[in-house]
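Dropping a prediction and its sequence here:
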Amino acid sequence: MLKFKVDYNDVRPQFKSLETETDEKKLSAAENQQAFLHPMRILEITQYILNNFRQKTHRTYPGAKGFNAMLAVSSVEAAKAYYTTFKMLQEEAEKKSGSYKRLRVATIFSFAANEEQSAIGDITDESFDTSAMNSSAKEFLDSAIDDYNNHFKTNFSTDSNGFQNYYRDLAQRVKNQDVDLLIVVGMFLTGFDAPTLNTLFVDKNLRYHGLMQAFSRTNRIYDATKTFGNIVTFRDLERPTIDAITLFGDKNTKNVVLEKSYEEYMQGFTDAATGEAKRGFMAVVSELEQRFPDPASIDSEKEKKAFVKLFGEYLRAENILQNYDEFATLKALQKVDISDPEAVETFKAEHYVDDEKFAELQTIRLPAERKVQDYRSAYNDIRDWQRREKAANDRDTSTTDWDDVVFEIDLLKSQEINLDYILGLIFDHNRQKKGKEALTEEVRRLIRSSLGNRAKEGLIVDFIQQTNIDDMPDKASIIDAFFTYAQREQQREAEALIKEENLNEEAARRYIRTSLKREYATENGTELNETLPKLSPLNPQYKTKKQTVFQKIGAFIEKFKGVGGHL
């Protein structure tokens, strides 16, 4: 199991006394229950979740799959209020921007939990019997399920069988990441495991076993990108969290279960369990910029290995820090024009930053985004070089041992940009009248830093050179024009490859189509052999020919995967 990182969120000063209340009788009081549902409070929390969702779930890069999340609330009325507010705010965002990508939000509950138990922090079991719900709750849930049905083309309802089927389908879609955010009262907070779920937003009181059960929805192991479970609480659960951890462990359990603070990851810390000193992110950044100011000039094998290890350390640290609101604020500041007072005030308001904190943030220097792209490009280049060296069996001539080096592919993929984003950037940069040479240089830098699209560099650059982008009225036109161009080039290059290598045309087209569909070429099976010209497997030239064809088709697949079209 992974650790938990807990944020005790406090961005609503007018509700602070309510959210920090610990007296069970006061928490159970009807007026306090209603105060938690104050429209302004629900609105502010919902807006916070929308503003920070992609950061918390590792979706800050366009096209990144990341993770999904759950919002645990105290009552059916709270679930109704949050679901309605998410719907309203996202509809408003869509009206403001046609490019806004709505989060897929779903909810489930079966009956109003006992308010006293809820106030104390117990998680009450919910059954599949919806008959106990009042008519208002049932009508609302039917409406939410209708939204779900319309989106996923399903046909569920609140009747007994329909509700159980809705529960099962919803559980599977959460596991498959078809649902981005699930709002729950008690269901799914115990016994439900989804490794793709990494964040739990909490607006309910939790304690002891119930707290540990709810938090544990987020800490199932997934891959290198998931380093801990994210918990964001909108009530003061710091004491209950420590009490729960202590109850189920000992006085040292806190260090094992809870993640380090933002300051510790930025500046460094000593591991309580091992006594080992761990340097902070800023020390890694400092060494990276001092040792490798120009990543394109890294030449010797020894330097390449040192860079890969150091930049891997940078990627791992950044992957952890991106979960922290403070780091997101610091990254956002990089995009603010400090000379523009209006932009500065907007930034401070959006990130709850006062003048003192703003001055402090300005003293922290992160590498520019362009520089990080150059580092990624060099990292990818070295990875490709190392794989070629390995394939060529040239390791005997090497004086450097690479066995202790791990390329952080999962971390690179988690920050991958998609093709539509690159093409949209072409449109944006062209509107700034930078000229084709400057535009081409910018696009090359971006593509080379992309693990999945770097093979398309030549294709995209040729498209820029051969297309009058000034005639394109919008991003959609550029995207359409590129895919038309790419599909035409795909046909032309496939025909040239088949002719040049004298391949069996029908078998070659079939193999290429299959490889494009799965997005990689493979030597397994008989498909590749069937493409080759008639040569006996005993012929000395057979193996060489097969390898040549495989490498050329592999490069073709890397270049054209994802562009569509028919061969």
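In hand now; what should we look at?

so where's the protein uncertain?
Within the chain, the segments meeting pLDDT under 70 span 1, 10-33, 62-63, 111-132, 248-257, 390-398, 413-417, 433-434.

Look at D404 and say how many residues are nearby.
7 (other CB atoms under 10 Å). For glycine as for every other residue, the C-beta is placed from the backbone atoms N, C-alpha and C.

Might one say that Q466 is in contact with Y485?
Yes: counting by CB atoms under 8 Å, Q466 does reach Y485; the two are 7.4 Å apart.

Neighbour count: those two, which is higher?
More crowded of Q466 and Y485, by other CB under 10 Å: Y485, with 17 against 8.

Distance of the more buried one relative to I479?
11 Å (CB to CB, to the nearest Å).

so what does the lengthiest helix in the chain touch, helix or strand wise?
Looking across the chain with DSSP state H, the single longest helix is helix 475-500. Counting contacts by 3 or more CB pairs under 8 Å, 6 or more residues apart in numbering; DSSP states H and E, helix 475-500 is packed against helix 419-431, helix 457-466, helix 505-518, helix 540-560.

mind checking how far that helix is from the chain centre?
Computed by CA atoms, centre = their mean, to the nearest Å, the separation of helix 475-500 from the middle of its chain amounts to 30 Å.

Pull out the buried residues from it.
475, 478-479, 481-483, 485-487, 489-490, 493-494, 497-498 (16 or more other CB atoms under 10 Å).

between it and helix 457-466, how many degrees?
120 degrees (axes from the mean of the first three to the mean of the last three CA atoms, to 10 degrees).

what angle separates helix 475-500 from helix 419-431?
Going by the same axes, to 10 degrees, helix 475-500 makes 120 degrees with helix 419-431.

in stretch 455-474, what's buried?
Going by neighbour count (16+ other CB under 10 Å), the buried part of stretch 455-474 is 455-457, 459-461, 463-464, 467, 469, 472.

before we move on, what about stretch 96-104?
103-104.

Could you list the residues in contact with that stretch?
50, 53, 86, 90, 93-94, 151, 178-181 (CB atoms under 8 Å, 6 or more residues apart in numbering).

Can you get me the start-to-end distance on it?
18 Å (CA to CA, to the nearest Å).

which one of the helices and strands packed on helix 475-500 lies closest to Y324?
helix 419-431 (24.5 Å; CB to CB).

and the angle for the helix or strand that comes right after that closest one with helix 457-466?
Following helix 419-431 in sequence order, the next helix or strand is helix 436-448 (DSSP states H and E). Angle of helix 436-448 versus helix 457-466, following the same axes, to 10 degrees, is 160 degrees.

Show me what helix 436-448 is packed up against.
Helix 436-448 packs on helix 369-391, helix 419-431, helix 457-466, going by 3+ CB pairs under 8 Å, 6+ apart.

and the last one, C-alpha only, in PDB?
Coordinates of the C-alpha atoms in helix 457-466 are reproduced here as PDB (Å, rounded to 0.1, in the frame of the first residue of the first chain):
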ATOM      1  CA  GLU A 457       8.900  15.600 -36.200                       C
ATOM      2  CA  GLY A 458       9.600  15.500 -39.900                       C
ATOM      3  CA  LEU A 459       6.000  14.900 -40.800                       C
ATOM      4  CA  ILE A 460       4.800  18.000 -38.800                       C
ATOM      5  CA  VAL A 461       7.600  20.200 -39.900                       C
ATOM      6  CA  ASP A 462       7.000  19.300 -43.600                       C
ATOM      7  CA  PHE A 463       3.300  20.100 -43.100                       C
ATOM      8  CA  ILE A 464       4.200  23.600 -41.700                       C
ATOM      9  CA  GLN A 465       6.500  24.300 -44.700                       C
ATOM     10  CA  GLN A 466       4.000  23.100 -47.300                       C
END
